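[1] based on what follows, work out the 3D shape:
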Amino acid sequence: MSPRSIRCLLISLCALSASGGAGLAADLAPPAPVPEEPTAAPMGWTYRVTPYGWLTSIKGTQTVRGRSAKIDASFIDIVEKSDSLVALMGAFEARNGPLALYNDLVWTKIGIEGSNIRSRSLAPGVTGTLGTATSLDFQMAIVEVGATYEVGRSGPLAFDVLGGARYWYQEADLSLEIAGTVDTGDLELTGGRAIARSGSVDWLDPVIGARIRYAAAPGHELFLRGDIGGFGVGSDFSWQVIGGYSFDFGTYHGIAFSGVVGYRALSVDYAQGEGRRRYEFDAIQHGPILGISARF
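    Down below sits the predicted model:
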């Protein structure tokens, strides 16, 4: 074999060896790492605090120590004499996934003039006559506690069921004009008026209900809640409806702030005692609600 042929054979062998080594190296290379699937972060608690005002109107019957009066007062009628212009309300909700715990507090001190009150019945056991009611002043606290659970969702629409309790506390003073000479018995005389004072009255109602939430857009929610309660445990019966709209308007240090506007109606029929010891509150309170909530 000539030197030229030998040189060509060596070049071919070297090329074949190089290509085979590259293939072997590729075969022995470790496989490329497979990216891990991101794991969902566990859901935690979020909290919402909502102070707001309830511009209340009242219609119904108030009975204090057996003396009854009809009430029909608008918000404007109430603020002309009331120590507070609105019923102050604070709501709190803690949510973790479908479960939410809630608390709601209302405190009012309301005065209603006689032009919005009329006597419904004479006082039992009174010798003589009493005139029409001149004013009604009462303090009231309402505390709600309970839980909601999301039982259904379709797109932006969510449906919750709820259960809890509503505690009521009231003190009422009903002022009556005196006409002629009367044996007032348990009434307190002040000038030409007799005042029936209820003292402290409280009761607890179990409550069940439902709520619908609709996310109209990111940060915008419509809600409607209804509940019933009492069932003879505390009051004979009570019901409540709240509808409203909340909208995010800013974030500060990780806290989202929202405005809340809506309307609330709350009715209760409660009575205890007989004769001069009878106390009754059978009325509906209703009006707009306005507030700001902080969510974190």
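
[2] look up how far Ile142 lies from Ser258.
    23 Å (C-beta to C-beta, to the nearest Å). The C-beta positions use only the backbone N, C-alpha and C, and glycine is treated the same way.

[3] same thing with Ser293?
    From Ser293 over to Ile142 (counting by C-beta to C-beta), the distance is 19 Å.

[4] how about the contacts made by Ile208?
    Ile208 makes contact with Val161, Leu162, Gly163, Asp227, Ile228, Gly229, according to C-beta atoms under 8 Å, 6 or more residues apart in numbering.

[5] that one: which element?
    Assessed by DSSP states H and E, Ile208 sits inside strand 201-217.

[6] direction included, what does that strand pair up with?
    strand 157-183 (antiparallel), strand 220-229 (antiparallel) (DSSP bridges).

[7] lowest mean pLDDT across these, which one is that?
    The minimum mean pLDDT among the strands paired with strand 201-217 belongs to strand 157-183 (a mean of 84).

[8] buried set for it?
    The neighbour-count check on strand 157-183 (16 or more other C-beta atoms under 10 Å) flags 158, 160, 162, 164, 166, 168, 170-176, 178, 182 as buried.

[9] quick one: which of those residues is nearest Leu101?
    Gly164 (9.2 Å; C-beta to C-beta).

[10] Leu101 is in contact with the closest one, correct?
    No: look at Gly164 against Leu101 with C-beta atoms under 8 Å: they stay out of range, at 9.2 Å.

[11] overlap in contacts, those two.
    Joint contacts of Gly164 and Leu101 (C-beta under 8 Å, 6+ apart) are Gly146, Ala147.

[12] please enumerate the strands of the stretch 51-200 of the chain.
    57-64, 67-73, 87-96, 99-113, 117-121, 127-154, 157-183, 188-190, 193-197 (DSSP state E, counting those that start in this stretch).

[13] and the longest one, what's buried?
    Yep, that's strand 127-154 we're talking about. 130, 133-140, 142, 144, 146, 148, 150.

[14] output those residues in CSV, with pLDDT and distance to Lys59 appended to each entry.
    Listed next are the buried residues of strand 127-154 as CSV, based on pLDDT from 0 to 100; distance: C-beta to C-beta, whole Å:
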residue, pLDDT, distance to Lys59
Leu130, 54, 23
Ala133, 64, 15
Thr134, 73, 19
Ser135, 79, 17
Leu136, 82, 13
Asp137, 83, 17
Phe138, 83, 15
Gln139, 88, 19
Met140, 92, 15
Ile142, 96, 17
Glu144, 97, 22
Gly146, 97, 27
Thr148, 97, 29
Glu150, 97, 35
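
[15] now, among those, which is nearest to Val241?
    The closest of the buried residues of strand 127-154, once distances to Val241 are taken by C-beta to C-beta, is Glu144, at 14.0 Å.

[16] how far away is the closest residue to that closest one other than its chain neighbours from Val49?
    Leaving aside its sequence neighbours, Glu144 sits nearest to Asp104 (C-beta to C-beta, 6 or more residues apart in numbering; 4.1 Å). Asp104 is 12 Å from Val49, where distance means C-beta to C-beta.

[17] contacts only, for the residue nearest to Glu144.
    Neighbours of Asp104 in contact, by C-beta under 8 Å, 6+ apart: Met89, Gly90, Ala91, Phe92, Ile142, Val143, Glu144, Val145.

[18] for the last one, name its beta-bridge partners.
    Val145 forms beta bridges with Asn103, Ala165, as assigned by DSSP bridges.

[19] is it in contact with Asn103, as I believe?
    Yes: here Val145 reaches Asn103: they are 5.3 Å apart, a contact under C-beta under 8 Å.

[20] contacting residues for Phe237?
    Ile228, Gly229, Gly230, Phe231, Val268, Asp269.

[21] repeat that with 7 Å
    Neighbouring residues of Phe237 by C-beta atoms under 7 Å, 6 or more residues apart in numbering: Gly230, Asp269.

[22] may I have the beta-bridge partners of it?
    According to DSSP bridges, beta-bridge pairing links Phe237 with Asp269.

[23] before we move on, back to that, nearest to Glu113 among the contacts of Ile208?
    Among the contacts of Ile208, and counting by C-beta to C-beta, the member closest to Glu113 is Gly229, at 31.0 Å.

[24] how much space separates the closest one from Ile78?
    25 Å.

[25] what are the C-alpha coordinates of stretch 142-161, in CSV please?
    Extracted in CSV, the C-alpha atoms of stretch 142-161 (Å, rounded to 0.1, in the frame of the first residue of the first chain):
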residue,chain,number,x,y,z
ILE,A,142,-77.9,44.7,69.1
VAL,A,143,-75.0,42.2,68.9
GLU,A,144,-74.8,39.4,66.3
VAL,A,145,-72.4,36.5,66.2
GLY,A,146,-72.3,33.6,63.8
ALA,A,147,-70.8,31.8,60.9
THR,A,148,-71.3,31.5,57.1
TYR,A,149,-70.3,28.7,54.7
GLU,A,150,-70.1,28.9,51.0
VAL,A,151,-72.2,26.0,49.7
GLY,A,152,-72.2,26.8,46.0
ARG,A,153,-70.5,28.9,43.3
SER,A,154,-71.1,29.5,39.7
GLY,A,155,-68.6,31.9,38.1
PRO,A,156,-68.8,35.2,39.9
LEU,A,157,-71.9,34.2,41.9
ALA,A,158,-71.5,32.6,45.3
PHE,A,159,-74.2,31.3,47.7
ASP,A,160,-73.7,31.1,51.5
VAL,A,161,-75.8,29.7,54.4
